[in-house]
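> model the structure of this input:
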Amino acid sequence: MKKNNRQENRKNRRFAVIAAGVLAVSGIGAGIFSIMAESTVQAAVTEAEAIPTSYHVPAEDSGPEVPAVQKTEETATALQYRVVESSLNTETPTKTDLTMEEAAAFGMKYLADIMGFDKEGANVYMCYNSGTETFPRAFWDGDVRFGEEVKTDDDTWSFFIDAVTGELFMLGCSETLDVDVPLGYDASLEKNYGVYAEAAKEIAERCDLVGGLVAEVKYGTQGYSSNNPDITMEVYGENGQMAILSFSRYNQRFLGLITDTSRVITDRAMDDLMDSVESEAETFNAE
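Here you go, the predicted model:
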């Protein structure tokens, strides 16, 4: 019984971090994703030991193919945008990390290719992070806006990528509706989610988000961002990869995704964190 309770507690805590990621997909932003994940874990556990800051995830099993930096910069030049260091940025990239401009080129290409972003004159506010306890991989996140960074009542886009390779971790779009719509839970969608499943399957296969053909699409969760209700779909590839895609429940707009690599990194980090916490608890109880 004690073992079952421990497994259930671990499951609940891991779900809390994944839920934070789902909220980020709904458009809150990649930077908030890491902050929310950290605060969620801190609320659930105390005095956790630090976990390793990096580990290898094979590129061939980690989602969409990442083009060379030069190729990415060439294809991104057609879309005019301005790259700016975010006022929230507190860290400096290393020599092995992509530059702010290179990272922005990757992110804007992902937004264009996967989410159809085609707007000119955007400001891309960039922030670098060497890794967090719940996401121990160096990353760049970009906040794409039209105007001052503090303005939040317009649509905004975000991307979250590997700081060294440019591999995609997350994309998001935050849409503020000009109408009032119900934000509550829609129980009927637990069974009747076909329109979202079809859209998720089409996007995943077209953009190679799960390493090939889709084997299954499952209902995920419901929530909302700003005044826009959303729903997430779990897309499983034939090779075992999984991506989480989010859509508006109001107008079925595609709002973003979390890749399989991001999920794997978070799951491994949470496993290490929970092992550390449980080990400390057992040591404490034995004294």
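> and Gly256, helix, strand or coil?
strand (DSSP: H, G, I helix; E, B strand; the rest coil).
> that one and Leu245 touch, don't they?
Yes: using CB atoms under 8 Å, Gly256 is in contact with Leu245, at 7.5 Å. Where C-beta positions appear, they are placed from N, C-alpha and C, glycine not excepted.
> show me which of these two is the more surrounded one.
The neighbour count for Gly256 versus Leu245, taken as other CB atoms under 10 Å, is higher for Gly256 (30 against 26).
> could you find the closest non-adjacent residue to that one?
Distance criterion CB to CB, 6 or more residues apart in numbering; nearest residue to Gly256, sequence neighbours excluded, is Gly172 at 3.6 Å.
> how much space separates that neighbour from Gly184?
Going from Gly172 to Gly184 by CB to CB, to the nearest Å gives 22 Å.
> what about the longest helix in the protein?
The longest helix of the chain (DSSP state H) is helix 260-286.
> what is that helix packed up against?
Packing partners of helix 260-286 (3 or more CB pairs under 8 Å, 6 or more residues apart in numbering; DSSP states H and E): helix 2-23, helix 30-44, strand 168-174, strand 242-248.
> give the other helices and strands that the host helix or strand of Pro229 contacts.
In the assignment (DSSP states H and E), Pro229 maps to strand 228-237. Under the contact criterion of 3+ CB pairs under 8 Å, 6+ apart, strand 228-237 touches helix 194-206, strand 214-225, strand 242-248.
> tell me the angle that strand makes with strand 254-258.
50 degrees (axes from the mean of the first three to the mean of the last three CA atoms, to 10 degrees).
> can you list the strands that strand 228-237 pairs with?
Looking at strand 228-237 with DSSP bridges, its partner strands are strand 214-225 (antiparallel), strand 242-248 (antiparallel).
> which residues are contacting the last one?
If I follow you right, that is strand 242-248. Here strand 242-248 makes contact (CB atoms under 8 Å, 6 or more residues apart in numbering) with 21-22, 25-26, 63, 172, 175, 196, 199-200, 203-204, 209-210, 220, 228-237, 253-260, 263.
> so for it, mean pLDDT?
Regarding strand 242-248, the rounded mean pLDDT is 96.
> export it as PDB, just CAs?
This file holds the C-alpha atoms of strand 242-248, laid out as PDB (Å, rounded to 0.1, in the frame of the first residue of the first chain):
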ATOM      1  CA  MET A 242       4.100  11.700 -28.400                       C
ATOM      2  CA  ALA A 243       3.300  15.400 -29.000                       C
ATOM      3  CA  ILE A 244       0.700  17.500 -27.200                       C
ATOM      4  CA  LEU A 245      -1.300  19.900 -29.400                       C
ATOM      5  CA  SER A 246      -3.700  22.600 -28.200                       C
ATOM      6  CA  PHE A 247      -6.700  24.200 -29.900                       C
ATOM      7  CA  SER A 248      -9.300  26.900 -29.100                       C
END
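> got the angle for it vs helix 194-206?
Going by the same axes, to 10 degrees, strand 242-248 makes 130 degrees with helix 194-206.
> and what of the first one?
An angle of 120 degrees separates the directions of strand 214-225 and helix 194-206 when computed by the same axes, to 10 degrees.
> for this protein, which residues score under the pLDDT cut-off?
Applying pLDDT under 70 to the chain flags residues 1-77, 149-153, 279, 281-287.
> for Asp260, which non-adjacent residue is closest in space?
Gln241 (4.1 Å).
> same question, Glu91
Leaving aside its chain neighbours, Glu91 sits nearest to Tyr128 (5.1 Å; criterion: CB to CB, 6+ apart).
> in terms of helices and strands, where is that neighbour?
Using DSSP H and E, Tyr128 falls within strand 122-129.
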